[in-house]
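Novice: Need the 3D shape of this:
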Amino acid sequence: MPFAYKPSLTDKNDMIGGQPPNRDNFRNVEALEIDFEVNCVAFHPILPIVAIGSSDSRVKLWRLNDNGTLFPIHPLMGILIGHTKSIKCVAFHPHLRIIGTTSTDRTAKLWRLDDNGRPTHLAPPIANLIWHNNVVYSIAFHPRLAILATGSGDGTAMIWRLNDDGTLAQQTPVATLVVNDSAVYCVAFHPQLPILATGSADGTANFWRLNDNGTLAQETSIHTFTGHIADVRTVAFHSSLPIFATGSLDHSVKLWRLNDDGTLAQQTPVATLVGHESAVNSVAFHPHFPIVVNGNDNGTVNVWQLNDNGTLALPTPIATLTNNNDDVKTVAFHKSLPILATGSYDTTVNLWHTNIVEPHHLKIFTTETDIPENVRSTPCTLCNLPLCAQIPDTTYNINGYVVKVSLVHHFHYNCIHRYLTNRQSISQPILCPRCDTVINSDEISAFLHSRDADTYAKLGTGFYQHLRRAFDV
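Specialist: So this is what the prediction gives:
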């Protein structure tokens with residue numbers, strides 16, 4: 001039977017509003033000995049699985065408990081063998097059973113996993129991306145479009161188009177982005193928009209606007225971020241807040257505020273995070289809260305609390321994690337489990353239980369007057385019509401009610417209902433269709449149990465009963 005992660009439910013009284021973490025919320029629960037320098041880690045988007053790439057040219061996949069400790073029986077789920085030199089980056093596809101890897105052997109590879117998240121035994125990669133002529137430092141999948149990006153020491157980032165099954169649609173890139181003849185160390189996609197961010201050795205980051213098929217909408221970058229005085233080694237977008245981060249060998253992280261269309265809200269960073277006293281190799285945002293962490297060459301990881309606009313809530317880190325004894329090359333949060341991973345040149349990956357309380361992710365507005373004044377003109381994230389627009393839907397007999405999902409995304413109820421009914425499996429965690437955060441199933445259960453479900457939402461009988469069975473209500 002395929003392994004499927006079912007998120008545990010937190011008592012509702014403990015969840016109201018959620019609470020950001022503090023220095024007491026990070027507890028080291030596991031240290032994985034990899035035997036070689038660790039360059040990269042990535043979590044499966046849903047399952048409690050971590051992939052670790054190291055200098056021995058292999059990627060190992062480990063199965064974890066929900067609290068970040070190793071699964072007691074056969075925690076090593078498989079090894080990807082095929083690169084000939086050090087692994088530089090690893091990334092899971094957000095929806096398909098695909099994992100991507102890059103290496104100093106100048107290639108990137110795509111691998112297929114089985115239903116349990118394991119690599120098929122001794123199976124070769126399903127794709128070899130061989131057009132770069134230098135180290136391939138990074139790889140990223142777009143969260144919604146069928147494209148991926150790679151960044152290389154040859155001064156380019158390349159965009160590749162995928163088929164529905166995750167295989168390459170063609171053997172050559174659909175776009176090549178030339179970045180000032182400087183090595184491209186990192187690539188990251190905007191969580192909703194067709195925008196690619198690159199960070200390079202000339203101390204800049206760039207935004208590139210793409211068409212939905214991965215081709216360039218224009219030949220030049222739409223914005224160049226300047227201000228760092230050394231290589232930009234890491235870039236990251238927050239999943240739901242309009243914040244973009246750049247980390248550099250100049251010992252700083254800079255945070256930039258974005259407009260809704262992905263353009264820069266102001267020309268200068270809204271915050272500069274310093275005090276690491278060493279180069280910054282990796283940054284990662286918490287998937288829900290305005291929290292950012294950075295891994296440094298002095299073996300530390302800094303945790304910072306932000307305001308929703310990207311400014312610093314406190315002038316100093318709320319926590320400094322010190323269990324690594326050498327350069328911290330990579331940091332990553334699991335999207336739905338309270339786990340942070342830090343990987344180091346000391347050949348270990350430390351797993352931290354973050355003890356962060358999930359905020360509410362679901363709110364039903366049953367009448368127009370329930371909708372907060374400041375969001376009434378906000379477009380529905382799925383159909384782009386105003387939230388207060390009356391939208392008859394003869395399929396589900398729902399007329400304009402609104403649901404709030406995650407921290408900032410709003411939907412018409414008929415839109416979110418259509419999304420739920422079209423999901424492939426009712427047994428999978430319910431995710432926000434825009435930022436992939438887990439929607440609290442306890443709240444859905446309560447709503448299905450309430451009079452509102454019958455009186456206002458008027459859910460179709462078959463799906464209504466199916467959801468009730470799924471959540472045992």
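Novice: Can you list the low-confidence ranges for the stretch 101-250 of the chain?
Specialist: Nowhere does the stretch 101-250 of the chain drop to pLDDT under 70.
Novice: Quick one: mean pLDDT over stretch 31-42.
Specialist: For stretch 31-42, mean pLDDT rounds to 95.
Novice: now do stretch 66-81
Specialist: pLDDT averaged over stretch 66-81 gives 89.
Novice: and it, how far apart are its ends?
Specialist: Counting by CA to CA, to the nearest Å, you get 27 Å between the two ends of stretch 66-81.
Novice: how far does that stretch sit from the chain's center?
Specialist: 21 Å (CA atoms, centre = their mean, to the nearest Å).
Novice: How about stretch 265-279?
Specialist: 21 Å.
Novice: can you pull the buried residues of it?
Specialist: Residues 269-271, 273, 276, 279 are the ones in stretch 265-279 that count as buried (16 or more other CB atoms under 10 Å). For every residue, glycine as well, the C-beta is placed using N, CA and C.
Novice: of all those, which comes closest to residue 86?
Specialist: residue 279 (18.5 Å; CB to CB).
Novice: my guess is residue 165 contacts residue 96, does it?
Specialist: Yes: between residue 165 and residue 96 there is a contact at 7.2 Å, judged by CB atoms under 8 Å.
Novice: who's more crowded, these two?
Specialist: residue 96 (17 against 10; other CB atoms under 10 Å).
Novice: any idea how far the more buried one is from residue 178?
Specialist: 29 Å (CB to CB, to the nearest Å).
Novice: before we move on, what about residue 308?
Specialist: From residue 308 to residue 178 the distance is 35 Å (CB to CB).
Novice: before we move on, what about residue 344?
Specialist: Distance from residue 344 to residue 178, by CB to CB: 33 Å.
Novice: Between the two, tell me which one has more neighbours.
Specialist: Using other CB under 10 Å as the criterion, residue 344 and residue 178 rank with residue 344 on top: 25 against 14.
Novice: Spit out the contact partners of the more buried one.
Specialist: Counting by CB atoms under 8 Å, 6 or more residues apart in numbering, residue 344 touches 37-38, 299, 324-329, 350.
Novice: So which of those belong to strands?
Specialist: 38, 328-329, 350 (DSSP state E).
Novice: from those, which is closest to residue 214?
Specialist: Nearest member of the ones in strands among the contacts of residue 344 to residue 214, counting by CB to CB, is residue 329, at 28.5 Å.
Novice: I figured that closest one hits residue 34, correct?
Specialist: No: look at residue 329 against residue 34 with CB under 8 Å: they stay out of range, at 11.8 Å.
Novice: quick one, which of those two is more surrounded?
Specialist: residue 329 (25 against 22).
Novice: Against residue 74, how distant is that one?
Specialist: 27 Å.
Novice: Check residue 212 too.
Specialist: 41 Å.
Novice: the more surrounded of the two?
Specialist: residue 212 (12 against 8).
Novice: pLDDT wise, what is residue 377 at?
Specialist: So residue 377 comes in at 69 (pLDDT).
Novice: Can you name the residues that contact the closest residue in space to residue 124 that isn't next to it in sequence?
Specialist: Setting aside the residues directly before and after it, residue 124 is nearest to residue 82 in space (CB to CB, 6 or more residues apart in numbering), at 6.6 Å. Residues counted as contacts of residue 82 (CB under 8 Å, 6+ apart) are 109, 111, 124-125.
Novice: related to what we said a few turns ago, may I ask which two of the buried residues of stretch 265-279 are separated the most?
Specialist: Maximum distance among the buried residues of stretch 265-279 (CB to CB): 22.3 Å, for 270 and 279.
Novice: any idea how this protein splits into domains?
Specialist: 12-353, 362-471 (automatic domain parsing).
Novice: returning to that earlier point: closest to residue 102 out of the buried residues of stretch 265-279?
Specialist: residue 279 (20.5 Å).
Novice: distance of that closest one from residue 252?
Specialist: For residue 279 relative to residue 252 (CB to CB), the value is 10 Å.
Novice: cool, and residue 30?
Specialist: Following CB to CB, the distance that separates residue 30 from residue 252 is 30 Å.
Novice: again, but for residue 296
Specialist: The value you get for residue 296 to residue 252, if CB to CB is used, is 11 Å.
Novice: list the residues that contact both of these two?
Specialist: 276, 280.
Novice: between the two, who's got more neighbours?
Specialist: The residue with more neighbours, out of residue 296 and residue 252, is residue 296; 24 against 21, by other CB under 10 Å.
Novice: thought the more buried one was touching residue 278?
Specialist: Yes: using CB under 8 Å, residue 296 is in contact with residue 278, at 4.7 Å.
Novice: mind listing what's buried in stretch 52-69?
Specialist: 52-68.
Novice: Count the neighbours of residue 259 for me.
Specialist: Residue 259: 10 neighbours (other CB under 10 Å).
Novice: Tell me who's in contact with the nearest residue to it once chain neighbours are set aside.
Specialist: If the residues on either side of it in the chain are set aside, residue 259 comes closest to residue 265, at 5.1 Å by CB to CB, 6+ apart. Contacts for residue 265 were tallied using CB under 8 Å, 6+ apart; they are 242, 256-259.
Novice: and residue 24, that's in a helix?
Specialist: Yes: the assignment for residue 24 by DSSP: H, G, I helix; E, B strand; the rest coil puts it in a helix.
Novice: ok, now how distant is it from residue 355?
Specialist: 8 Å.
Novice: So which of the two has more stuff around it?
Specialist: residue 355 (14 against 9).
Novice: Show me what residue 344 bridges to in the sheet.
Specialist: For residue 344, the beta-bridge partners under DSSP bridges are residue 328.
Novice: Quick one: buried ones out of the contacts of residue 344?
Specialist: 37-38, 299, 324, 327-329, 350.
Novice: For residue 238, state which of these is nearest.
Specialist: For the buried ones among the contacts of residue 344, the nearest to residue 238 is residue 328 (20.6 Å; CB to CB).
Novice: gap between that closest one and residue 160?
Specialist: Taken as CB to CB, the span from residue 328 to residue 160 is 29 Å.
Novice: picking up where we left off before, just say which of the domains of the chain is most tucked in.
Specialist: Mean neighbour count (mean count of other CB atoms under 10 Å) peaks for domain 12-353 among the domains of the chain, with a mean of 20.
Novice: Any idea how far that one is from the middle of the chain?
Specialist: 8 Å.
Novice: correct me, but residue 101 touches residue 119?
Specialist: No: using CB under 8 Å, residue 101 is not in contact with residue 119; the gap is 10.8 Å.
Novice: who touches both of these two?
Specialist: Joint contacts of residue 101 and residue 119 (CB under 8 Å, 6+ apart) are 80, 111.
Novice: Need the distance between the two termini of stretch 296-316.
Specialist: 16 Å.
Novice: Stretch 108-118 now?
Specialist: 19 Å.
Novice: now do stretch 106-125
Specialist: 15 Å.
Novice: same check, this time on stretch 225-236
Specialist: Stretch 225-236: ends 13 Å apart by CA to CA.
Novice: residue ranges of the strands in the stretch 1-150 of the chain, please?
Specialist: 27-33, 38-43, 49-54, 58-63, 76-81, 87-92, 98-103, 108-112, 127-129, 136-141, 147-152 (DSSP state E, counting those that start in this stretch).
Novice: Quickly run through the sheet partners of the shortest one, with directions.
Specialist: So that's strand 127-129. strand 108-112 (antiparallel).
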